[in-house]
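Trainee: fold the following and give me the result.
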Amino acid sequence: MKLLFFIRTIDFSRRTTGWEHDPAERATHELLFCRRGSGALVNGHTKTCVQAGSLMFNPRGKLVSDQEPLSVVQVLFSEDLFSPSVHMDKEALYVLGLIKLHTPKQNSITLSRIGSERMNTLVDAMLWEFQNRYRGYSWALRLKLVELLITVMRDKQFKIPIKGLKPLSSTRIQDAVSYLNTDYMNPISVEDVLNACGLSRSHFHALFKQETGKTFVQYLSELRCAKAAELLATTDRPIIDIALECGFRNLSHFYHVFKRENNISPKQYRLQGGNA
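Mentor: From the prediction side, this is the model:
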């Protein structure tokens, strides 16, 4: 049975993290929000501190508490909750794509005080809806999940390096960016994007660069390389499979673009555990 949404509170002193999903389905993501306690997320030689207010996105490794057990809210959700044909859902997928791209390599941030308070309120509401399941609860959960994603993106501790992640003044460019973030794994031409956003070629290129700070080709290359880097660091799948899944037409093209973007080959990136 396909998992669409699940939430619970778990208390533990040691726990292995790393949710696995069926690769034939759209991605299932795991969020872990620490409410009490302190400890560390250990993955190989990488150790990331965890404390109350820490939010982990698709973490992998072992969570170990310092002394008292960690109290963590686990949220599992599938991208199938959101339909790219619905405007609000496209917005949610867009925000999710940004978080996936720009969460630090350890996949963990410690939210600000305000962000942590807001997150506590949201997870309490989601737990209540999930446990009681009153009429309309599935819609309520989806709306709260969208609020959660926006809370993360807006938090001052979530440092976003490119201006393209600010609200776009052009909804048509926002449509184009949403399209790229949800369909990057497939062949994409400029014509495909023009059809999605309804702009002329010259106007699109000028407006896209103005809004995102990048050309269309740069944005798509960085997006695909970021997705590939995540899979290289967190799976042992063959590099050719990762390249094709992330939208590259062949292995040599993938190596060329990945090295240009990261100053290191995919194989070296994997050997270094994603710490390039």
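Trainee: number of nearby residues for R135?
Mentor: 7 (other C-beta atoms under 10 Å). For the C-beta atoms, the positions are set from N, CA and C on the backbone; glycine is no exception.
Trainee: oh, I was asking about R249
Mentor: 10.
Trainee: how much space between it and Y269?
Mentor: The gap separating R249 from Y269 is 20 Å, by C-beta to C-beta, to the nearest Å.
Trainee: same thing with L41?
Mentor: Taken as C-beta to C-beta, the span from L41 to Y269 is 20 Å.
Trainee: what's A229 sitting at in phi/psi?
Mentor: phi -60, psi -40 (degrees, to the nearest 10).
Trainee: what does D241 give?
Mentor: According to degrees, to the nearest 10, D241 has phi -60, psi -40.
Trainee: so for it, what's the pLDDT?
Mentor: In this model, D241 is scored at 93, pLDDT.
Trainee: L41 too?
Mentor: Reported pLDDT for L41: 89.
Trainee: strands of the stretch 51-200 of the chain, start to end?
Mentor: 54-57, 61-65, 70-78, 108-110 (DSSP state E, counting those that start in this stretch).
Trainee: what does the shortest one contact?
Mentor: Okay, so that is strand 108-110. 41, 48-51, 53-57, 59, 103, 152, 155, 157-158 (C-beta atoms under 8 Å, 6 or more residues apart in numbering).
Trainee: name the nearest of those residues relative to I264.
Mentor: For the contacts of strand 108-110, the minimum distance to I264 (C-beta to C-beta) is 20.0 Å, reached by T103.
Trainee: might one say that V177 is in contact with Y94?
Mentor: Yes: V177 lies in contact with Y94 (C-beta atoms under 8 Å); the separation is 6.4 Å.
Trainee: low-confidence ranges in this structure?
Mentor: 1-3, 19-26, 84-88, 90-91, 98, 100-107, 159-171, 274-276 (pLDDT under 70).
Trainee: can you rerun that using 80?
Mentor: 1-3, 18-27, 44, 82-108, 157-172, 174-175, 178, 182, 196-199, 273-276 (pLDDT under 80).
Trainee: could I get the full set of helices for it?
Mentor: With helices called from DSSP state H, the chain shows them at 87-102, 113-132, 137-154, 171-183, 190-197, 201-212, 216-234, 239-245, 251-262, 266-271.
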